[in-house]
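Colleague: give me the fold of what follows.
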Amino acid sequence: MLRIVEDYRNYLRIERGMSPNTVASYSRDVQGMLDYCELTPPGQIGTEQLEGYLSERIGEGLSKRSQARMLSAFRSFFNWCIDEGERKDNPCDRIDAPKLGKYLPAVLSVEEVDAIIGSVDLKKASGPRDRAILEVLYGCGLRVSECTGLLISHVHLDEGFVDVIGKGNKQRSVPIVEQLMEQIADYLRLRQAFLDGIAEQPAGSSEAFFLTDKGRPAYVEFINRAVKGELELVKGLSGKKTPHTLRHSFATALLNNGADLNSIKEVLGHSSLAATQV
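Modeller: Down below sits the predicted model:
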């Protein structure tokens, strides 16, 4: 079972070009399902077994949105099994996806964002980096995975833009305002001084834009922890404490200042205008 999940993970990553987060969540969902159906080979898993597993997870409090994602992962997995000649049908075809209500993401006002960024303690060694992370997430509207994938070579301060590698390895250019350019330049000077003080630099540290406290390239969970830690310090942000909220807030600020939806779609790297409209 471990081998088939690894093969499926490679398919998602290489052939489908999915983001690391999507690959991880789909693989985790499929692994859980296969563990539940441990005595049944993937080629023989039926609709009733999938419904039994979903029912069990729903009983544990699985949300409708997570149900829909899980069913999408299963459908993708069994379609791959069909392509690989492991089976002839997809057992998900007879399972209805849960109906999702309209979801409007929480956003922060410009004043709230200013309060968050201004609350960072710059006297701490990690302060300038954590502030730069917040500034880039909000000022460029990046996903957390895009933030971790940012390299020094992607940042063009003289031209005023950054290259971003988004979902499906799609590249886009995002403009950066003059104030953010100055802050990025300050951060880069401190980053280099930090690296110069490390006797043996970890692999990838010279290229990665954001680094951990030990000088390693930042990863998704590290960014999440750093941002959530700063958000927790600001009062009055109940329900608005995820790094992705900064991306939503960036898009809303653009819209409120006269940007059209198509332009916002391009800057955010959405493949569908419907996602931007939400």
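Colleague: what ranges do the strands span in this structure?
Modeller: 155-156, 161-165, 171-175 (DSSP state E).
Colleague: any idea which of those is most buried?
Modeller: strand 161-165 (a mean of 19; mean count of other Cβ atoms under 10 Å). (Each C-beta comes from the backbone N, C-alpha and C, glycine too.)
Colleague: for that strand, C-alpha coordinates in PDB please.
Modeller: Coordinates of the C-alpha atoms in strand 161-165 are reproduced here as PDB (Å, rounded to 0.1, in the frame of the first residue of the first chain):
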ATOM      1  CA  PHE A 161       8.500  43.000  -9.100                       C
ATOM      2  CA  VAL A 162       8.900  39.400  -7.900                       C
ATOM      3  CA  ASP A 163       8.600  36.200  -9.800                       C
ATOM      4  CA  VAL A 164       6.200  33.800  -8.100                       C
ATOM      5  CA  ILE A 165       5.900  30.100  -8.700                       C
END
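Colleague: ok, now which ones touch the nearest residue in space to Ala208 that is not next to it in sequence?
Modeller: Counting by Cβ to Cβ, 6 or more residues apart in numbering, Ala208 lies nearest to Pro217, which is 3.5 Å off, once chain neighbours are set aside. Pro217 makes contact with Thr148, Pro202, Gly204, Ser205, Glu207, Ala208, Phe210, Leu211, according to Cβ atoms under 8 Å, 6 or more residues apart in numbering.
Colleague: 7 Å instead?
Modeller: If you count contacts by Cβ atoms under 7 Å, 6 or more residues apart in numbering, Pro217 has them with Gly204, Ser205, Ala208, Leu211.
Colleague: cool, Cys147 as well?
Modeller: Ile133, Val136, Leu137, Phe210, Ile223.
Colleague: how close does the first one sit to Gly43?
Modeller: Spelled out, it's Ile133. Distance, Ile133 to Gly43, using Cβ to Cβ, to the nearest Å: 45 Å.
Colleague: try the second one
Modeller: With distances defined as Cβ to Cβ, the gap from Val136 to Gly43 amounts to 46 Å.
Colleague: what's the answer for the fourth one, then?
Modeller: When distance is defined by Cβ to Cβ, Phe210 is 43 Å away from Gly43.
Colleague: so between these two, which is more surrounded?
Modeller: Per other Cβ atoms under 10 Å, whichever of Phe210 and Gly43 has more neighbours is Phe210, with 22 against 13.
Colleague: for the more buried one, phi and psi?
Modeller: When read as degrees, to the nearest 10, the backbone of Phe210 gives phi -110, psi 140.
Colleague: what's the nearest residue to it if we skip its chain neighbours?
Modeller: Closest to Phe210 by Cβ to Cβ, 6+ apart is Ala218, at 3.9 Å.
Colleague: circling back: reformat the strands of the chain as JSON lines; add distance to Cys81 and mean pLDDT.
Modeller: Converted to JSON lines, these look like this (distance: least, Cβ to Cβ, whole Å; pLDDT from 0 to 100):
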{"stretch": "strand 155-156", "distance to Cys81": "42", "mean pLDDT": "95"}
{"stretch": "strand 161-165", "distance to Cys81": "29", "mean pLDDT": "95"}
{"stretch": "strand 171-175", "distance to Cys81": "32", "mean pLDDT": "94"}
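Colleague: out of these, the one nearest Glu182 is which?
Modeller: For Glu182, the closest of the strands of the chain is strand 155-156, at 13.0 Å, according to Cβ to Cβ.
Colleague: the closest one - contacts with which helices or strands?
Modeller: The criterion is 3 or more Cβ pairs under 7 Å, 6 or more residues apart in numbering; DSSP states H and E, and there are no helices or strands that strand 155-156 contacts.
Colleague: mind listing the helices for the stretch 151-278 of the chain?
Modeller: 178-196, 220-232, 244-256, 261-268, 273-277 (DSSP state H, counting those that start in this stretch).
Colleague: which one of the ones you listed has the lowest average pLDDT?
Modeller: Confidence, taken as mean pLDDT, is least for helix 273-277 of these (a mean of 81).
Colleague: neighbouring contacts of it?
Modeller: Leu261, Ile264, Lys265, Leu268, His270.
Colleague: same thing but at 6 Å, please
Modeller: The contact list for helix 273-277 (Cβ atoms under 6 Å, 6 or more residues apart in numbering) reads Leu261, Ile264, Lys265, His270.
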